[in-house]
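Engineer: Need the 3D shape of this:
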Amino acid sequence: MEWSDSWRGAFRIELRAEAVNLAWHGWPVLPGTYPAGEQWAGRDGVEDDGPTPVHRDWQERIGTKAEQVATWWTGHSYSILLATGHGVDAIEVSADLGRRAAVELRATGIPVPIVATPAGRWMFLVASGASAAGTDTDADVRHYGKGEYVPLPPSPCDVGVVHWRVKPQICAWHLPHARVVRDALVQAANPTPDYGLVAADRS
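Structural biologist: Residues are numbered from 1 along each chain as shown. All right, here's what the predicted structure looks like:
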């Protein structure tokens, strides 16, 4: 399927607007590559399989103001990367564990921004400074911190687009401590049995 120039232009504007909004809220965003293929390829010719940072000196660009961020996306359909370890970290898990952890978080009334990728991965965004290691959930939990990056919506991927499961506006852009997500992951991986139902089953 071929995408029209007008569609690509509209999507480029959406990417730029989201990147500027994130930067305005103090999130360290960077331009990233996007998939090869006619539907994504822009006139700038960036067609790497990614996303990876466009600039080799990306770590020196962390903390760039929103005004400068806007210029990066002018005329380019770059994906949006979040440089973790600078106020925002990401805890990545499988979609199944992510769904169960999200239920636990809703039950406690603590909203957490959640990103989902087309590859079936969920990322919980938390405040930098603590690790999610030691959750004893499974080996599939990964904590992204300093020196790393993750894609943010609406970054394009080979088989779809990164999207929000819970937008940061829901928590007023306030990020929880990593232990909040860690505890939810532990609970999701080891749910407390409903003893009432167990007793009923035995009767």
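Engineer: Output the contacting helices and strands for the helix or strand encompassing Arg179.
Structural biologist: Using DSSP states H and E, Arg179 falls within helix 178-189. Secondary-structure packing of helix 178-189 (3 or more C-beta pairs under 8 Å, 6 or more residues apart in numbering; DSSP states H and E): strand 88-94, helix 95-108, strand 121-127. To be clear about C-beta, it is placed using only N, CA and C from the backbone, and glycine gets the same treatment.
Engineer: Let's see that with 10 Å instead.
Structural biologist: Judged by 3 or more C-beta pairs under 10 Å, 6 or more residues apart in numbering; DSSP states H and E, the packing partners of helix 178-189 are strand 88-94, helix 95-108, strand 121-127, strand 142-144.
Engineer: What lies in contact with it?
Structural biologist: Under the criterion C-beta atoms under 10 Å, 6 or more residues apart in numbering, residues 89-91, 93, 96-108, 110, 112, 114, 124-138, 141, 143, 145, 176-177 lie in contact with helix 178-189.
Engineer: Let me have the helices and strands packed on helix 178-189 in CSV, extended by distance to Gln68 and mean pLDDT.
Structural biologist: Below are the helices and strands packed on helix 178-189 laid out as CSV (distance: least, C-beta to C-beta, whole Å; pLDDT from 0 to 100):
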stretch, distance to Gln68, mean pLDDT
strand 88-94, 19, 97
helix 95-108, 33, 95
strand 121-127, 23, 97
strand 142-144, 24, 94
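Engineer: What is the neighbour count of Val29?
Structural biologist: Residues near Val29, counting by other C-beta atoms under 10 Å, number 26.
Engineer: With distance to Pro28 added, can I get the helices and strands packed on helix 178-189 in JSON lines?
Structural biologist: Shown next, in JSON lines, are the helices and strands packed on helix 178-189 (distance: least, C-beta to C-beta, whole Å):
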{"stretch": "strand 88-94", "distance to Pro28": "7"}
{"stretch": "helix 95-108", "distance to Pro28": "23"}
{"stretch": "strand 121-127", "distance to Pro28": "12"}
{"stretch": "strand 142-144", "distance to Pro28": "12"}
